[in-house]
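Enquirer: Structure for this input, please:
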Amino acid sequence: MKLTILGGGGFRVPLVYGALLADHAEGRVTAVTLYDTDSDRLTAIARVLADQAEGVPDAPAVLATTELDEALRGADFIFSAIRVGGLEGRAADERVALDEGVLGQETVGAGGIAYGLRTVPVAVDLARRIARLAPHAWVINFTNPAGLVTEAMSRHLGDRVIGICDSPVGLGRRIARTLGVDPERARIDYAGLNHLGWVRGLHVDGRDELPRLLADPHLLGSFEEGKLFGTDWLQSLGAIPNEYLHYYYFNREAVRAYQDAEQTRGAFLRDQQEGFYARMKDPTAPAFPAWDRTRAEREATYMSENREVAGVGERDESDLESGGYEQVALALMRAVARDERTSLILNVRNRTTLSVFDADAVVEVPCLVDANGARPVSVDPLPYHAVGLVTAVKAVERAVLDAAASGSRATAVQAFALHPLVDSVSVARRLVDGYTKVHPGLAYLNRP
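Expert: Coordinates of the predicted model:
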């Protein structure tokens, strides 16, 4: 099988390739094509992959190219992990928002909207080209904002595009480990949108173990989300939120922490990765060790401002282990390619799963996956407090999609103004002005 990775010069690509190296079963991926617009980054990541493949006799062959059509033709699976505007764009998204006193995180609030407005037109163009050049390929989307981008692509690819995220599976594993349960035996009751969902149950052999966790303050406060949100708040919710809900539940504190930080997350990653890619221009530099050291630092500092707000120390070692989105992607490809039925939490079209959404809205829910793709399973309705958040954010996503299609500045303003974390239409207008000033790619927002 051929796997094409769009954004093949991206820093996290070696995680995907590492997962492929461990798969020796029949029907596995045997050829990987890396596509990127940046040839220097492509060369650097190809070097890392060559180091990884050393000593593995059946390692998938790697081809790097800057020709998109060449990369797409003949692909069985296409993994989309592009970053429109690069990390410089992410840093600008954060700074413009923080200057207005609102959150600039890349998937949540103003930063996520700006990133979506830049990314959706590119993702739609990719979807159209995939439909023309590789109509039978399955597209696995990890491009952020993952739910929004998956919905944009689904309008051209239907159910053949599936969004993935490592947050829900990571949360489920942490809960299972805390309860002394084998994560592989647990069925997670999770529902919402990407980066906006809740675990409402963790079932093992027909028994829901989550009430045991919620009833024990010591257990509840012993893992990442318990420390981040606080035991009292989790007990009052009766559920465990995705870590990204910290931006909603503790928004003022998070914004203040980001404003006080010496460097935003995007600026930190930009500088860190610029250093890595610069080192890779030295052909004698050891590629994989340099990449792995950079990766470890990246993971250790993940959501550091939020943990500071909560008074939480460094991340637990178990939270730094790999086995995140690359394992979700591999499990998804295996299930589809080999017709190995499995259950995964994915971003797919809603159909009738959550009654507050229409059939085409992309939601993040448990799915059954086999050769026919991913089908969402029935879940309990969301409580009212969750309904309010997810419907408001879905309205924002739809406004982003409309603005991207029409080029309407007024619709872009509406997207910002409707978001729960942007509290003023005046601020929304200034955000659109600020983002169009720093991002040439938003020049298309020039209609009323």
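Enquirer: so who does Val427 touch?
Expert: Counting by CB atoms under 8 Å, 6 or more residues apart in numbering, Val427 touches 100-102, 416-417. All C-beta spots, glycine's among them, are computed from the backbone N, C-alpha and C.
Enquirer: Pop out the phi and psi values for it.
Expert: When read as degrees, to the nearest 10, the backbone of Val427 gives phi -60, psi -40.
Enquirer: Ala371 now?
Expert: Dihedral pair for Ala371: phi -60, psi -20, per degrees, to the nearest 10.
Enquirer: still on that earlier bit, biggest separation within the contacts of Val427, which pair?
Expert: The most widely separated members of the contacts of Val427 are Gly101 and Ala417, with 14.8 Å between them, by CB to CB.
Enquirer: Pick out whichever of these two has more residues nearby.
Expert: Ala417 (19 against 14; other CB atoms under 10 Å).
Enquirer: can you tell me which residues contact Gly7?
Expert: Applying CB under 8 Å, 6+ apart, we find Gly7 in contact with 13, 35-36, 80-83, 143.
Enquirer: Filter those down to the buried ones and hand me the PyMOL line.
Expert: In PyMOL, a selection of the buried entries from the contacts of Gly7 looks like this (16 or more other CB atoms under 10 Å):
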select buried, resi 13+35+36+80+81+82+83+143
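Enquirer: Using CSV, lay out the contacts of Gly7 together with distance to Leu42 and pLDDT.
Expert: Formatted as CSV, the contacts of Gly7 follow (distance: CB to CB, whole Å; pLDDT from 0 to 100):
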residue, distance to Leu42, pLDDT
Val13, 10, 96
Tyr35, 8, 98
Asp36, 5, 97
Ser80, 16, 97
Ala81, 13, 96
Ile82, 13, 97
Arg83, 14, 96
Thr143, 17, 97
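Enquirer: so which of the contacts of Gly7 comes closest to Val255?
Expert: Arg83 (23.6 Å).
Enquirer: tell me the secondary structure for the closest one?
Expert: Classification of Arg83 by DSSP: H, G, I helix; E, B strand; the rest coil places it in coil.
Enquirer: Tell me who's in contact with it.
Expert: The contact partners of Arg83, by CB under 8 Å, 6+ apart, come to 7, 10, 89-90, 143.
Enquirer: Just the ones in strands from those residues, please.
Expert: Among the contacts of Arg83, no member falls in strands (criterion: DSSP state E).
Enquirer: Sort out for me which of those are in helices.
Expert: Of the contacts of Arg83, the ones assigned to helices by DSSP state H are 89-90.
Enquirer: Residue for residue, what is the longest helix this protein has?
Expert: helix 109-133.
Enquirer: same for it, what does it pack against?
Expert: With contacts taken as 3 or more CB pairs under 8 Å, 6 or more residues apart in numbering; DSSP states H and E, helix 109-133 sits against helix 68-72, strand 77-80, helix 86-99, strand 138-141, helix 146-157, helix 384-406, helix 409-418, helix 425-438.
Enquirer: average model confidence for it?
Expert: Averaging pLDDT along helix 109-133 yields 98.
Enquirer: Distance from that helix to the middle of the chain?
Expert: Offset of helix 109-133 from its chain centre (CA atoms, centre = their mean, to the nearest Å): 14 Å.
Enquirer: same thing with stretch 185-200?
Expert: 15 Å.
Enquirer: swap in stretch 87-104?
Expert: 18 Å.
Enquirer: again with stretch 165-176
Expert: 13 Å.
Enquirer: Which residues does that stretch contact?
Expert: Under CB under 8 Å, 6+ apart, the answer for stretch 165-176 is 142, 146, 182-183, 186, 188, 190, 194-195, 197, 199, 202, 210, 213, 223-225, 240, 242-244, 318-319, 324-325, 327-328, 344-345, 347, 364.
Enquirer: try stretch 231-247
Expert: So stretch 231-247 is contacted by 103, 105, 107-109, 167-168, 171, 175, 192, 195-200, 210, 213-214, 217, 220-221, 224-226, 228-229, 249, 254, 303, 306, 309-310, 385, 421 (CB under 8 Å, 6+ apart).
Enquirer: average pLDDT across that stretch?
Expert: 97.
Enquirer: Mind exporting the C-alpha coordinates of it to CSV?
Expert: The C-alpha coordinates for stretch 231-247 follow below in CSV (Å, rounded to 0.1, in the frame of the first residue of the first chain):
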residue,chain,number,x,y,z
THR,A,231,-11.3,17.5,41.8
ASP,A,232,-14.3,19.7,42.9
TRP,A,233,-15.0,20.9,39.4
LEU,A,234,-14.8,17.4,37.9
GLN,A,235,-17.1,16.0,40.5
SER,A,236,-19.6,18.8,39.9
LEU,A,237,-19.5,18.1,36.1
GLY,A,238,-19.8,14.4,36.6
ALA,A,239,-17.5,13.9,33.6
ILE,A,240,-13.8,14.4,32.6
PRO,A,241,-13.3,17.1,30.0
ASN,A,242,-10.8,17.1,27.2
GLU,A,243,-7.8,19.1,28.4
TYR,A,244,-8.6,21.9,25.9
LEU,A,245,-11.7,22.8,27.9
HIS,A,246,-9.3,24.4,30.4
TYR,A,247,-9.3,27.3,28.0
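Enquirer: By mean pLDDT, flag the weakest helix or strand of this structure.
Expert: Counting by mean pLDDT, DSSP states H and E, the chain has its least confident helix or strand at helix 304-309, which shows a mean of 62.
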